[in-house]
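Novice: Here is my input, please return the structure:
(2 chains)
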Amino acid sequence: MGSSSVLKNATAIIGMGTKVVTNKDPRITSLQVQLHACHNAIKAAGIDKRQIGGVFTCRAPMGFTALQWNMRIVQELKIVPNLSTEITAHGAGVLATLSYAAMAVQAGVVDYAICCSGCTGPLWVDMIRVNASIESDLQFEAPYGVTTPALYAQWAQRYMYEFDVKPEELAIIAVENRKWALRHPDAAMKDKGEITVEDVLNSKMLASPIRMLDSSTWYRGGIGSAVVITRADKARPEQRPVYISGFGSATTHEWLTDRMHLSGVEPAMTPNLTTTGAKTAADYAYAMAGLTPKDIDIVETSVPFTFANMMALEDLGFCKKGEGKYFVRDGGISYEDGLPFNTNGGYLSFGQPPHGMHMAVEAIEQLRGQARGKQVKNPRRALTHFHGGPLATHAVMILSNEEGL
Amino acid sequence: MEATNNNSVESVQDMTWAEGVPLMAGQYMMGLAEPSPETKDYWQGVKEGRLFIKQCSGCGKHNHPRRIFCTACNSDALESVEAKGTGTVYTFSTVYRAPVPAFEKEIPYSVGVLELSEGIYLFSRIIPEKGKEVRIGAPVQLTFQETGPNGRLPAFQIVG
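Specialist: Numbers count the residues shown, from 1 in each chain, chains lettered A, B, ... in the order given. Below is the predicted model:
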């Protein structure tokens, strides 16, 4: 363990609230799902909502677009925060809300902050169409007929070419993720049974080299999530505090093609499509926490394709660049005895509510010993990685369940 | 939603940046494109069947057609120059599920990132040689192709 920052474990998550809606429930909006989560989190924290001085939201959800999303949340909560903003870095911004909240409480500007996110977009709009237009350059990429998988496939093709990664090696990730999802009551694929490598290889090709089962599944509904944050010295045992040990973010581009025009700055000293900003974000988080990948018990990532999960394992430091295929092939993320990886099934099998904190929720539940799926035995530290855009923006946060860890 | 605008590339050039232009695929609006001052020459070139990129008149470095400041020396003295139209395939994907119905009749088609001879990267359609697959590193030559609902756009043909 190296030296750590004064921010290490100085901030505690003291309340968490969620709201799950599926396509079998009455249809509700993203605003509704987030407000349920907020009120649940405030209740769980056991504080008065008027104590909340900071409100940090994700960007406006899809299918319910509004400028300045935090304004909608504040208006409905009927509070008057000192600090309030949306954190706009696509999916990574969702996790980064916690970083901003942590800095706000550490600066002493506010005592309590709430962070919220959630989207019920799949109940309202065609996500395949909408997402492609959000994730591509509308002048130079979208006119060619790109889909979200076709954008990510540009990374996949190059990654597989440079490191000789085989589709059957990537497929293992889908197979292992599915096993976790079968145990989780909220997972989109919980009733779909196990899958095999052959199932993945035989599934429909969407955008080469990406097949259907290499891809995340859109969550048929949405999940709202919120957490309440304060300084560690204000946390009470009955709040089941989870501590923020370290965090970091990195944004390398907005649109795919421009990733190739970035150079001379980590993680792109030379232009490439094989290392993501997750590496840089993780470096910051490990440094703040004074930890290394060996200290991590659980990993939750929001990347939506098998290849991107393999790249994430490398970029987050669990194996060297190009060695993800060996790590995965040798049981590195085995459901039975490997590194607990995407313990709710991940984006591939838990599903992808378009904009949500549910992978962090899973980490917090695991650290509290309250997993609703398979509980990892006595985890102490979890690493969460959120990403957005075509591997454009990344946030990493390390959480622990003991202040001294 | 009622599609009321003209989908042709010409309509893109006639718009000013402030108005923006909805990028339409049949009935679906893909989003708001931004034909903007810095890409005016690029879209004029597309109309004439020519490919314009940017070059820095300070340091000489070539830049992507959407750049406003040179990525090497941070100068804003970028000029539009016609690209040679040659390069290689850096990466690609062959699309089997279209984003919207307007692209379905072209499936499967390949899209990818080309490394142009001038050292910049450009996203485009990639047309393989007859009966062959697209491959990384393959040399390409500029052509123009009817593309989805968007008229004739720059595309790259694999040559040898």
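
Novice: What is the three-state secondary structure of the closest residue in space to B:Ser75 that isn't next to it in sequence?
Specialist: Nearest non-adjacent residue to B:Ser75, counting by CB to CB, 6 or more residues apart in numbering or on different chains: B:Gly58, 4.0 Å away. In this view, the C-beta of every residue, glycine as well, is placed from N, C-alpha and C. Recorded secondary structure, B:Gly58: coil (DSSP: H, G, I helix; E, B strand; the rest coil).

Novice: what does A:Ser133 give?
Specialist: Going by three-state DSSP: A:Ser133 is helix.

Novice: Near it, how many residues? Count them for me, please.
Specialist: When neighbours are defined as other CB atoms under 10 Å in any protein chain shown, A:Ser133 has 21 of them.

Novice: before we move on, back to that, test my guess that the residue nearest to B:Ser75 contacts B:Asn74.
Specialist: No - checked against CB atoms under 8 Å, the pair B:Gly58 and B:Asn74 is beyond contact range at 9.1 Å.

Novice: Tell me the residues that contact both of those two, please.
Specialist: With CB atoms under 8 Å, 6 or more residues apart in numbering or on different chains applied, the contact sets of B:Gly58 and B:Asn74 do not overlap.

Novice: before we move on, the earlier item: ok, now which ones touch the residue nearest to B:Ser75?
Specialist: B:70, B:73, B:75, B:77.

Novice: Just give the nearest non-adjacent residue to the first one, would you?
Specialist: The shortest distance from B:Cys70 to any residue that is not its chain neighbour, by CB to CB, 6+ apart, is 3.9 Å, and that residue is B:Cys56.

Novice: Equivalent analysis for A:Ala60, please.
Specialist: A:Trp69 (4.3 Å).

Novice: how close does the one you found sit to B:Glu104?
Specialist: Per CB to CB, to the nearest Å, A:Trp69 is found 34 Å from B:Glu104.

Novice: what's the weakest-modelled helix or strand in chain A?
Specialist: Lowest by mean pLDDT, DSSP states H and E among the helices and strands of chain A is helix A:127-135, with a mean of 77.

Novice: what packs against it?
Specialist: helix A:148-163, strand B:28-33 (3 or more CB pairs under 8 Å, 6 or more residues apart in numbering or on different chains; DSSP states H and E).

Novice: residues touching the residue of the stretch 201-350 of chain A found nearest chain B, list them.
Specialist: In the stretch 201-350 of chain A, no residue comes nearer to chain B than A:Met260, which is 4.0 Å away by CB to the nearest CB. Going by CB under 8 Å, 6+ apart, A:Met260 touches A:271-273, B:90, B:113, B:121.

Novice: give me that answer again for 7 Å
Specialist: Counting by CB atoms under 7 Å, 6 or more residues apart in numbering or on different chains, A:Met260 makes contact with A:271, B:113, B:121.

Novice: ChimeraX command to pick out the buried ones of these?
Specialist: In ChimeraX, this line selects whichever of these come out buried by 16 or more other CB atoms under 10 Å in any protein chain shown:
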select /B:113,121
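
Novice: Confidence-wise, which of the contacts of A:Met260 comes last?
Specialist: Among the contacts of A:Met260, A:Pro271 has the lowest pLDDT, at 95.

Novice: surely that residue meets A:Gly264?
Specialist: No - applying CB atoms under 7 Å, one finds A:Pro271 not in contact with A:Gly264, separated by 9.7 Å.

Novice: check whether the longest strand belonging to chain B contacts chain A.
Specialist: If you go by DSSP state E, chain B has its longest strand at strand B:86-95. Yes - shown here: strand B:86-95 in contact with chain A (CB under 7 Å from any CB of the partner chain) through B:91-95.

Novice: Let me know the closest of the contacts of A:Met260 to A:Phe327.
Specialist: Comparing the contacts of A:Met260 against A:Phe327 with CB to CB places A:Pro271 closest, at 25.7 Å.

Novice: distance of B:Thr86 from chain A?
Specialist: 17 Å (CB to the nearest CB, to the nearest Å).

Novice: that older thread, and A:Trp69 and B:Glu104? Which one has more around it.
Specialist: A:Trp69 (24 against 13).

Novice: The more buried one contacts A:Met62, doesn't it?
Specialist: No - applying CB under 7 Å as the test, A:Trp69 and A:Met62 come out as separate, 11.5 Å apart.

Novice: what helix or strand does B:Lys54 sit in?
Specialist: If you go by DSSP states H and E, B:Lys54 is part of strand B:52-56.

Novice: what's that strand in contact with?
Specialist: Contacts of strand B:52-56 from elsewhere in the structure, counted by CB under 7 Å, 6+ apart, are B:41-42, B:45, B:62-65, B:67, B:70, B:72-73, B:75, B:77-83, B:118, B:120.

Novice: Adjacent strands (with direction) for it?
Specialist: Applying DSSP bridges to the sheet, strand B:52-56 is found paired with strand B:62-63 (antiparallel), strand B:78-82 (antiparallel).

Novice: tell me the most buried of the ones you listed?
Specialist: Mean neighbour count (mean count of other CB atoms under 10 Å in any protein chain shown) peaks for strand B:62-63 among the strands paired with strand B:52-56, with a mean of 22.

Novice: mind listing the helices for chain B?
Specialist: With DSSP state H as the criterion, chain B has helices at B:9-14, B:40-48.

Novice: quick one: A:Ala207 and A:Val146 touch, right?
Specialist: No - using CB under 7 Å, A:Ala207 makes no contact with A:Val146, being 8.4 Å away.

Novice: Contacts only, for the closest residue to B:Thr143 other than its chain neighbours.
Specialist: Closest residue to B:Thr143 apart from its sequence neighbours, by CB to CB, 6+ apart: B:Gln157 at 4.8 Å. By CB under 7 Å, 6+ apart, the contact list for B:Gln157 reads B:127, B:140-141, B:143.

Novice: got the residues of chain B near chain A?
Specialist: Listed as neighbours of chain A in chain B under the rule CB under 7 Å from any CB: B:23, B:28, B:30-35, B:39, B:64, B:66, B:71, B:91-100, B:103, B:106, B:109, B:111-113, B:121-125, B:136, B:147-148, B:150, B:153.

Novice: buried subset of those?
Specialist: B:23, B:28, B:30-31, B:33-35, B:39, B:64, B:66, B:71, B:91-100, B:103, B:106, B:109, B:111-113, B:121-125, B:136, B:147-148, B:150, B:153.

Novice: Among the residues you listed, which are located in strands?
Specialist: B:23, B:28, B:30-31, B:33, B:91-95, B:109, B:111-113, B:121-125, B:153.

Novice: ok, now how distant is A:Met62 from A:Asn131?
Specialist: Distance from A:Met62 to A:Asn131, counting by CB to CB: 8 Å.

Novice: Equivalent analysis for A:Lys49, please.
Specialist: Taken as CB to CB, the span from A:Lys49 to A:Asn131 is 34 Å.

Novice: more neighbours, the two?
Specialist: A:Asn131 (22 against 16).

Novice: Grab the nearest non-local neighbour of the more buried one.
Specialist: Leaving out its chain neighbours, the residue that sits closest to A:Asn131 by CB to CB, 6+ apart is A:Thr148, at 4.8 Å.

Novice: Please apply the same query to A:His385.
Specialist: Counting by CB to CB, 6+ apart, the residue nearest A:His385 is A:Thr301, at 4.2 Å.

Novice: For chain B, give me the ranges with low pLDDT.
Specialist: Along chain B, segments meeting pLDDT under 70 span B:1-22, B:25-32, B:34.

Novice: the domain parsing of it - what is it?
Specialist: B:9-82, B:86-158 (automatic domain parsing).

Novice: Phi first, then psi, for B:Ala72.
Specialist: Geometry field for B:Ala72 lists phi and psi as phi -90, psi -50, criterion degrees, to the nearest 10.
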